[in-house]
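S.K.: Everything below, folded, please.
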Amino acid sequence: MPDKTTLRRLGALSRAELTLLVRNRSALFGALLMPLLMVGFLLTLGDTLGLGDGNLSVAAVIGTSAIGMVLLMAVYSTLIPAYVGRREERVLKRLRTGEATDAEILTGTAVPAVLLALIQCAVLIGVGSAHPSLSAPARPDLLIVGVVLGMLMMVLMAIVTSAFTRTVESAQITALPLFLIAMMTSGMITQLDTLPDAMADIFRIMPFTPVMDLVRAGWLDAGGGDVTRALLLAIAWTALAGYAVRRWFRWDPRQ
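M.R.: Numbering: from 1, shown residues only. The predicted model follows:
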């Protein structure tokens, strides 16, 4: 367990990051409203996209996809410019000269975005559970594991992506590859059981797919070996992202 000194340092770093996030209207908009706008997009075009063509209802697909939208936008896309901005302004380098450890510095930067995302996920689950086509999560334990692993993975992926991002403005471009891959392969805009078997098998081992599989299993009560495989894959991708952070993250400005 972290000691009181560690928690105090994390609290101070997190409060500073929250202040910066609140002052940055574009970042706050992306974290709070963009996931809801994307959910509205899916609601509008659900039939056109064929969201209900597989084993799940349109409401089930959109409800679980909303969780994925929060992870991708409120966590991943929000944190990349945060890490890049702190690096280019030499904030990270100055913090390293103090008492805070590297892990505390990186975690403190992520805490506000993660807390906002957790609140959004709780609201989405509460609202979705009241929908006539859905119900309360059947396996809350799996749902919590999926959300927590997804947030940890997205934080680590954001840190890795920031290493290859030169400016805050270019963060929107460098975030696109993982964002699009996650959207296309994780069942957020098309159910995997409607795809050819070979394509579906490839999509199921992509980074974000096991996270969404755990979310769907927790909310909609999927089961068996698929859940075990999704859990192992999510842990493996998260561990790989952690290794990539240690290998490639830059503390010094790129400019």
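
S.K.: quick one: average pLDDT of stretch 193-211?
M.R.: What stretch 193-211 shows for mean pLDDT is 91.

S.K.: What residues of it count as buried?
M.R.: Neighbour-count burial for stretch 193-211, counted by 16 or more other CB atoms under 10 Å, picks out 195, 200, 203-204, 206-211. Heads up, the C-betas are built off the backbone N, CA and C, glycines and all.

S.K.: ditto for stretch 114-129
M.R.: Taking 16+ other CB under 10 Å as the criterion, stretch 114-129 shows 114, 116-118, 120-121, 124-125, 128 as buried.

S.K.: Mind putting these into a markdown table with pLDDT?
M.R.: As requested, these are exported to a markdown table (pLDDT from 0 to 100):
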| residue | pLDDT |
| --- | --- |
| V114 | 93 |
| L116 | 89 |
| A117 | 91 |
| L118 | 91 |
| Q120 | 89 |
| C121 | 90 |
| L124 | 86 |
| I125 | 87 |
| G128 | 80 |
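
S.K.: Among those residues, which ones are in strands?
M.R.: Assigned to strands by DSSP state E, none of those qualify.

S.K.: ok, so of the residues you listed, who is nearest A59?
M.R.: When the buried residues of stretch 114-129 are ranked by distance to A59 (CB to CB), G128 comes first, at 7.7 Å.

S.K.: tally of neighbours for the nearest residue to that closest one once chain neighbours are set aside?
M.R.: Nearest residue to G128, sequence neighbours excluded (CB to CB, 6 or more residues apart in numbering): G63, at 3.9 Å. The number of residues packed near G63 is 25, by other CB atoms under 10 Å.

S.K.: Kindly report the same for the one 5 residues further on.
M.R.: By the criterion of other CB under 10 Å, G68 has 25 neighbours.

S.K.: among the helices and strands of the chain, which has the poorest mean pLDDT?
M.R.: Here the helix or strand of the chain ranked lowest by mean pLDDT, DSSP states H and E is helix 34-49, holding a mean of 64.
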